[in-house]
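**Student:** just a sequence and a predicted model for now, questions to come.
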Amino acid sequence: MTRNGKITWTNEKRRLGDLIPWPRNPRMIKQDQGKRLVQSLEEFNQVEPIAIGPGNVLYNGHQRLNVWAAEHGEDLEVDVRVASRPLTEKEREKLTVYLHKGAAGEWDFDLLSEFNVDELLEWGFKPFELGIQSDIDPNAEWEGMPEYENSAKAIKTLYIHFETENDIRDFENLIGQKIGDKTKYIWYPEHKVRDMKSLEFINES
């Protein structure tokens, strides 16, 4: 049971173009993973339904929506599971983490060792995941990149919550700083913006 009542799900169909993505979806997909999604649909058809709420709001399946729509167009009809009521924002966050962070189990590598290694690599595993020595150095792309020391250190960090837009504007006036939609943190008093030329480089030699 949830605080707002037990959720039930029904099986229906929807056009990809009718589904409404969640702007705060924290999941993303790489190009090779997208190719495997396309291959999976072509070879096995749709195995798992996409989860949505009333009004076609997307809960789970953003990557399939993006990849399949790009490959087959927005008129592609897919299987969906429709929630009996809208989820709260906090419930959406929790569902996303539950579905993608450990709730689905882990690999039994003893049993997985009975699979064909070349096929596992082709299907998406990385060599290091299978205990295979790889020539790829994950630190190689950082070679030649300068390091720098940041002398600005905070002695205290506070998280401030605003209930309304007017509260944000009032706080801006109070501290004399602008808080934009993409602002993640601020300094008080405000620090001057430092570009790469102002950073102190370290010579390892």
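**Tutor:** Sure, I can see it. Computed from a predicted model, the values in this text were never measured in an experiment.
**Student:** so which bits of the helix or strand containing Val82 are buried?
**Tutor:** Assigning secondary structure by DSSP states H and E places Val82 in strand 77-83. Under the neighbour-count criterion of 16 or more other C-beta atoms under 10 Å, strand 77-83 has 78, 80-83 buried. Glycine gets a C-beta too; all of them are placed from N, C-alpha and C.
**Student:** per-domain residue ranges of this protein.
**Tutor:** 9-100, 107-145, 146-205 (automatic domain parsing).
**Student:** deepest-packed of these, please.
**Tutor:** Using mean count of other C-beta atoms under 10 Å, the stretch among these with the greatest mean number of neighbours is domain 9-100 (a mean of 15).
**Student:** so how far is that one from its chain's centroid?
**Tutor:** In terms of C-alpha atoms, centre = their mean, to the nearest Å, the gap separating the centre of domain 9-100 from the centre of its chain is 13 Å.
**Student:** and what of stretch 98-118?
**Tutor:** 21 Å.
**Student:** how long is it from one end to the other?
**Tutor:** 31 Å (C-alpha to C-alpha, to the nearest Å).
**Student:** for the longest helix that the chain contains, the averaged confidence score.
**Tutor:** When the chain is parsed with DSSP state H, its longest helix is helix 31-44. The pLDDT scores in helix 31-44 average 82.
**Student:** got the angle for it vs strand 77-83?
**Tutor:** Per axes from the mean of the first three to the mean of the last three C-alpha atoms, to 10 degrees, the angle that helix 31-44 makes with strand 77-83 is 100 degrees.
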